[in-house]
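Peer 1: Please work out how this folds:
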Amino acid sequence: MKDFTKSILKTFASICVLGGLGAYAYLVEFKKAEEDEKKKDESKKLFALKKEDAQSLEVAAKGTVISLAKADGKWRITAPVQTEADQNAADGVAGAFDTLKTERVTEENPANLAQYGLHAPELRVSVKTSGGAELGLKVGMKNEFDNTYYVMRDGDPRVYQAPSSVKHSFDKDLFALRDKRLFFFEKNDEVQKLEVRLEDKAYSAEREGDRWRLRLPADDRADDEEVTKVLNALRSLRATAVAAEKEGEGADFGLKVAKVSFSVWKGPENALQQVVVAKRDAGGKQKVYARRSGAETVWEIGEQILKDADKKEFDLRFKKVMDFKKDEVRKVVFKSAAEEWTLVKGTTDTGEQWEIEAPERAKARPYKMNSVLYNLTNMKAIEFRGGGDAARKELGLASPSRRVEVIDGAGKSLGWIEIGDATTSGPAIMSNVRPQAAIVEKARVDEIPWKYADYKEEPKPPDAGTAPKGK
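Peer 2: Modelled structure (predicted):
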């Protein structure tokens, strides 16, 4: 090997070694710096506690001492009342012990705690852990200069300064810590039955598989979206204040003679949850009061739930005139007064596409059927009319001018609609969904092409200047 080549190789090897050593040194130093920063951050913590280890809490704030205990992984308020706790709020207090950090030590052994607001602090919190440890914190005055708060740990003579978040984390009153839900179901599919009574109006619906069935005021398929809206409103309903811990205390809230109620039956055991509601004048202002069945607490709630649950019979009835899944459709048959044509969906090398089957074999215009099927699945009644021969004749449905039927791959009909005369509200429709006639928006019908020529793809003309073959 020539001396020049050897020299190059030695230089390259030296560079690799130096590069490796540099990378190693960088990684070691970087990791050490990262660990040092982590230790420094941990040293600022006032408590070493994981929130899942907390078993009981006591919050003395806003003139009230509130006690909470955990059983079977759930928090419950045990004093000054016994009631369900807001799990997120209670976990937030327990978790704040773990995340609370000090900015600095203000004084090692203060002689005058009053100057820090710690001689008789208005905010005190404590926690007991599953391991038997007891931790406590006193929160004093705010330092207006840097927005920190003076705090002391139980058993520690030092005064610390903590971030302003310490006040927000621990300064909770009874209402903030209690569960303000009126209904207890996490998902709508847990509910098997719904009943709403609003003064002189009532409606109810029962679950049938993955659908809802209207039982009151009529027996009919329900509009799943409308039932879902009501369930969402009930599931998210929260009290805005406590009116009284017991209905007999103080004012007459009108709940004993209430004409408004919301009821849900939950789970396979159909466990009933019911809330009665009444509106009353309180000091010249209308307030809405509510009480859960079997409970004593009277809550104030917002008036919005009364608006959200106020549904007309038409709102609750299933309004789609066709009900099928678009990806199951393999054939569509159209009929008008002058012609009839059929389109089928086939599989090609480039994927699935529609083609004309009758009155001739021909290519269909791309994307035309996607638009048609979209309109059919989204066409809804804006009002219902009667059923029977008389109604069909009156609305021009005894001899409909147009008809569409959708069919699956096995030749089974997935649904059909027939279109009759135009009314002042829109065209009249009959379909397989219900025995009554329906009126739909004119635009929905007009968006469907009703001529065979609209579906047939015409061959492209030859490019200009290209001579026909054979010439």
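
Peer 1: Sketch out the low-pLDDT regions of the stretch 351-471 of the chain for me.
Peer 2: For the stretch 351-471 of the chain, the stretches flagged by pLDDT under 70 are 462-471.

Peer 1: now the strands: where do they sit in it?
Peer 2: Applying DSSP state E, counting those that start in this stretch to the stretch 351-471 of the chain gives strands spanning 351-358, 362-363, 381-384, 402-408, 413-422, 427-431, 438-440.

Peer 1: Let's have those strands in CSV, adding mean neighbour count and distance to E122.
Peer 2: Yep, even glycine has a C-beta here, placed from its N, CA and C like the rest. Below are the strands of the stretch 351-471 of the chain laid out as CSV (neighbours: other C-beta atoms under 10 Å; distance: least, C-beta to C-beta, whole Å):
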stretch, mean neighbour count, distance to E122
strand 351-358, 15, 71
strand 362-363, 16, 81
strand 381-384, 16, 61
strand 402-408, 18, 70
strand 413-422, 19, 68
strand 427-431, 23, 68
strand 438-440, 22, 65
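
Peer 1: Tell me the pLDDT of D349.
Peer 2: Per-residue confidence at D349 stands at 72 (pLDDT).

Peer 1: can you tell me how far it sits from V159?
Peer 2: 79 Å (C-beta to C-beta, to the nearest Å).

Peer 1: The two: which has the busier surroundings?
Peer 2: Neighbour count, other C-beta atoms under 10 Å: between D349 and V159, V159 has more, with 22 against 4.

Peer 1: looking at the strands of the stretch 351-471 of the chain, which is closest to A309?
Peer 2: If you check each of those against A309 by C-beta to C-beta, strand 381-384 wins as the nearest, at 22.3 Å.

Peer 1: Sheet partners, orientation included, of the closest one?
Peer 2: The strands beside strand 381-384 in its sheet (DSSP bridges) come out as strand 438-440 (antiparallel).

Peer 1: List the contacts of the strand it pairs with.
Peer 2: When contacts are defined by C-beta atoms under 8 Å, 6 or more residues apart in numbering, strand 438-440 is touched by residues 319, 321, 379-385, 423, 425-431.

Peer 1: let's see it at 6 Å
Peer 2: 321, 379, 381-384, 423, 425-426, 428-429 (C-beta atoms under 6 Å, 6 or more residues apart in numbering).

Peer 1: Likewise for stretch 238-257?
Peer 2: By C-beta under 6 Å, 6+ apart, the residues outside stretch 238-257 that reach it are 180, 276, 278, 280, 289, 291, 296-302.

Peer 1: For it, buried residues please.
Peer 2: Within stretch 238-257, the residues scored as buried using 16 or more other C-beta atoms under 10 Å are 239, 242-244, 247, 253-255.

Peer 1: mean confidence score for it?
Peer 2: 86.

Peer 1: end-to-end on that stretch?
Peer 2: Terminal residues of stretch 238-257 lie 22 Å apart, using C-alpha to C-alpha, to the nearest Å.

Peer 1: next one: stretch 364-383
Peer 2: Criterion C-alpha to C-alpha; first-to-last residue distance in stretch 364-383 is 34 Å.

Peer 1: and it, how far from the chain's centre?
Peer 2: How far stretch 364-383 lies from its chain's middle: 29 Å, per C-alpha atoms, centre = their mean, to the nearest Å.

Peer 1: And stretch 54-74, by the same measure?
Peer 2: 29 Å.

Peer 1: Find the nearest non-adjacent residue to E313, please.
Peer 2: P217 (5.3 Å; C-beta to C-beta, 6 or more residues apart in numbering).

Peer 1: And D389, by the same measure?
Peer 2: Using C-beta to C-beta, 6+ apart, the nearest residue to D389 is A398, at 7.1 Å.

Peer 1: And the one you found, how close does it get to P359?
Peer 2: 26 Å.

Peer 1: what does D146 give?
Peer 2: Distance, D146 to P359, using C-beta to C-beta: 85 Å.

Peer 1: still on that earlier bit, which one of A398 and P359 is surrounded by more residues?
Peer 2: For A398 and P359, the more surrounded residue by other C-beta under 10 Å is A398, and the numbers stand at 14 against 11.

Peer 1: Please parse the chain into its domains.
Peer 2: 51-177, 188-316, 326-454 (automatic domain parsing).

Peer 1: Adding distance to K44, write those out as a markdown table.
Peer 2: Formatted as a markdown table, the domains of the chain follow (distance: least, C-beta to C-beta, whole Å):
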| stretch | distance to K44 |
| --- | --- |
| domain 51-177 | 4 |
| domain 188-316 | 36 |
| domain 326-454 | 58 |
